[in-house]
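Chemist: The sequence isn't on hand, but the structure is:
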């Protein structure tokens with residue numbers, strides 16, 4: 001793939017990853033308390049996977065470690081929320 005396509009992939013991943021904060025902010029404002037909606041964790045995982053792919057393409061070990069570590073944490077939080085809902 002060309003560098004422009006990978007740049008686009010990276011930007012899309014970052015936009016998805018950043019959108020989770022807007023979603024969380026709106027959710028908290030609606031509930032008048034700080035809380036994390038399920039969509040926050042889904043956006044975290046999707047954004048982290050896309051950014052991890054971009055980091056691998058860029059051969060950036062710092063970025064790879066950061067996204068891979070975050071992905072584990074987001075996945076675990078989502079698992080805990082599923083368990084809580086059951």
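Modeler: Received, thanks. Predicted model only: the values in this text are computed from it and were never measured.
Chemist: all contacts plus neighbour counts: C-alpha atoms, from now on.
Modeler: Noted.
Chemist: Quick check: the gap between the residue nearest the centre of the chain and residue 71.
Modeler: Nearest to the mean C-alpha position of the chain, by CA atoms, centre = their mean, lies residue 44 at 2.1 Å. Distance of residue 44 to residue 71, computed by CA to CA, to the nearest Å: 8 Å.
Chemist: And for residue 62?
Modeler: Remark: distance between residue 62 and residue 71 (CA to CA) = 14 Å.
Chemist: So which of the two has more stuff around it?
Modeler: Neighbours per residue (other CA atoms under 10 Å) separate residue 62 from residue 71, with residue 71 holding more: 20 against 10.
Chemist: Could you double-check that the more buried one lies in contact with residue 45?
Modeler: Yes - counting by CA atoms under 8 Å, a contact exists between residue 71 and residue 45, whose distance comes to 6.0 Å.
Chemist: List the buried residues in whichever strand or helix holds residue 24.
Modeler: Of the helices and strands defined by DSSP states H and E, residue 24 is found in helix 3-31. Judged by neighbour count using 16 or more other CA atoms under 10 Å, the buried positions of helix 3-31 are 6, 9-11, 13, 16-17, 19-20, 23-25, 27.
Chemist: Out of those, which comes closest to residue 54?
Modeler: Nearest to residue 54 among the buried residues of helix 3-31: residue 10, at 5.5 Å, using CA to CA.
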